[in-house]
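Engineer: Model the structure of this input:
(one chain, ligands or ions: 2)
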Amino acid sequence: MLTLDRVNKTYKVGTFGGKELRAVRDVSFELHEGEVVSLIGESGSGKSTIGKMILRLLAVNGGRITVDGVDVVGLKGAALRDYHRHVQGVFQDPFSSCNPVYKVDHLFNVIRDIYFRGLADDAWQEKLAASLAIVNLEPGQVLHKYPHQLSGGQLQRLLIARALLVDTRYLVADEIISMLDASTRIDVLNLLGDLKARGLGILFITHDLSLGNYISERTVILRRGRIVEMGATPAVFGQPLHPYTRMLIASVPQLHQKWGEMEAGSRAGTGWAPAPTEPCRYHAALAGGGATAIPTDPAGSRLAEIEDGHFVGCVQPNDDGTCASRPASSV
Ligand SMILES: Nc1ncnc2c1ncn2[C@@H]1O[C@H](COP(=O)(O)OP(=O)(O)OP(=O)(O)O)[C@@H](O)[C@H]1O
Ligand SMILES: [Mg+2]
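Structural biologist: Numbers count the residues shown, from 1 in each chain. Ligands and ions are numbered 1, 2, ... in the order given. A predicted model of the protein is given here:
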């Protein structure tokens with residue numbers, strides 16, 4: 001199991017890095033093998049930052065990331081290489097993940113150099129073909145070609161095949177569908193379903209609610225670096241607890257609706273704020289004692305379990321954990 005436990009990330013911003021931007025705040029969730037978890041939030045909510053911290057492409061400023069209970073935040077050298085045997089990532093733009101100067105074989109050779117130095121050529125070719133077969137590609141279709149000679153969908157599947165060459169248990173898939181056309185999207189989505197059936201745990205990062213709803217067992221909704229709600233996907237989409245989740249769901253364009261009809265429901269964006277009358281389910285639950293906060297420290301986790309496995313955060317949190325929507329006396 002891959003676990004994030006109150007993970008934080010602060011970027012230094014401003015001309016001389018004199019200001020701080022808290023991109024991820026106290027984020028805790030779990031990813032099991034054989035499940036897809038959607039991480040959903042609008043642009044800038046911190047989704048990629050979380051993905052990159054899991055992949056160890058970015059340093060963590062606080063909290064723990066563990067795999068089977070082992071903290072991976074401080075891994076270096078051989079231990080980090082070993083971690084990447086099990087945890088791999090695929091990103092939004094397949095073309096920018098490749099060096100246009102090299103044929104795509106180079107992508108695989110890099111992995112061979114790191115993890116399979118002793119493997120004979122025949123065995124390596126077999127391994128490569130097996131990996132490509134999982135993503136429905138024939139070696140002859142794609143190898144010995146330059147990235148621009150492949151379609152976006154082929155290249156994205158090829159990058160997934162590369163991620164599968166090692167003994168991958170967890171895959172961070174960061175907006176991997178968004179640059180593909182509609183017909184290729186469904187292929188790649190279904191491929192993720194196959195990988196899940198093979199036992200992979202997939203963190204499916206998206207700003208598209210309908211994709212998350214289609215593919216995942218569990219959903220985590222992120223706003224400004226904080227989790228506002230998480231739970232089983234049917235519960236989050238069917239009985240959303242947080243007004244922000246409700247607003248996101250209401251903003252999804254429906255095929256039968258026209259732009260004018262959409263406007264009333266679509267106020268997505270950084271300017272969103274809960275209505276002043278909106279009750280805070282998180283603070284009400286903590287005050288009433290009717291919910292379990294996770295993990296054991298409610299101030300640290302800032303989520304309350306309202307129903308079985310369905311968590312909600314404060315409706316409008318201040319930095320100190322109090323609620324801007326409720327007077328202190330009622331919290
Ligand atoms: N290297 C960086 N230096 C400074 N700030 C950064 C850096 N990377 C991201 N940020 C900021 O951190 C916040 C979270 O960014 P992040 O890329 O994680 O968002 P995101 O949810 O993936 O957005 P998108 O949907 O647009 O990809 C944003 O405000 C972004 O501007
Ligand atoms: Mg992103």
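
Engineer: how about low-confidence regions in the stretch 151-300 of the chain?
Structural biologist: By pLDDT under 70, the low-scoring segments of the stretch 151-300 of the chain are 253-271, 289-300.

Engineer: For it, which residue gets nearest to ligand 1?
Structural biologist: Residue of the stretch 151-300 of the chain nearest ligand 1, by Cβ to the nearest ligand atom: H207 (4.9 Å). For the C-beta atoms, the positions are set from N, CA and C on the backbone; glycine is no exception.

Engineer: Tell me, how many residues neighbour that residue?
Structural biologist: By the criterion of other Cβ atoms under 10 Å, H207 has 19 neighbours.

Engineer: Setting aside sequence neighbours, what's the nearest residue to it?
Structural biologist: Leaving out its chain neighbours, the residue that sits closest to H207 by Cβ to Cβ, 6 or more residues apart in numbering is E42, at 5.8 Å.

Engineer: Name the nearest residue to V312, ignoring sequence neighbours.
Structural biologist: V312 sits nearest to L241 (Cβ to Cβ, 6+ apart), 4.1 Å away.

Engineer: For the one you found, what are phi and psi?
Structural biologist: For L241, the backbone dihedrals (degrees, to the nearest 10) come out as phi -100, psi -30.

Engineer: so which strand or helix has the residue nearest the centre of the chain?
Structural biologist: The centre of the chain sits closest to I205, judged by Cα atoms, centre = their mean, with a distance of 3.4 Å. According to DSSP states H and E, I205 maps onto strand 201-206.

Engineer: Can you show me the helices along this structure?
Structural biologist: Assigned by DSSP state H, the chain shows helices spanning 47-54, 77-86, 105-115, 121-134, 139-142, 152-164, 182-197, 209-215, 233-238, 243-251, 259-263, 281-288, 298-301.

Engineer: Could you export stretch 30-39 as CSV, CA atoms only?
Structural biologist: The C-alpha trace of stretch 30-39 is given here as CSV (Å, rounded to 0.1, in the frame of the first residue of the first chain):
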residue,chain,number,x,y,z
GLU,A,30,-3.9,5.7,0.5
LEU,A,31,-3.5,3.9,-2.8
HIS,A,32,-3.9,0.1,-2.8
GLU,A,33,-2.6,-2.3,-5.4
GLY,A,34,-5.4,-3.2,-7.9
GLU,A,35,-7.4,0.1,-7.5
VAL,A,36,-7.6,3.4,-9.3
VAL,A,37,-7.8,6.5,-7.2
SER,A,38,-8.7,9.8,-9.0
LEU,A,39,-7.1,12.9,-7.8
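
Engineer: So is that stretch next to ligand 1?
Structural biologist: No. Stretch 30-39 does not reach ligand 1 (Cβ under 6 Å from any ligand atom); its nearest approach is 8.6 Å.

Engineer: Any chance you could list what contacts that stretch?
Structural biologist: By Cβ atoms under 8 Å, 6 or more residues apart in numbering, the surrounding residues in contact with stretch 30-39 are 1-4, 29, 47, 50-51, 169-170, 192-193, 196-197, 199-206, 211-213, 215-220, 222, 233.

Engineer: Pull out the buried positions in it.
Structural biologist: 30-31, 35-39 (16 or more other Cβ atoms under 10 Å).
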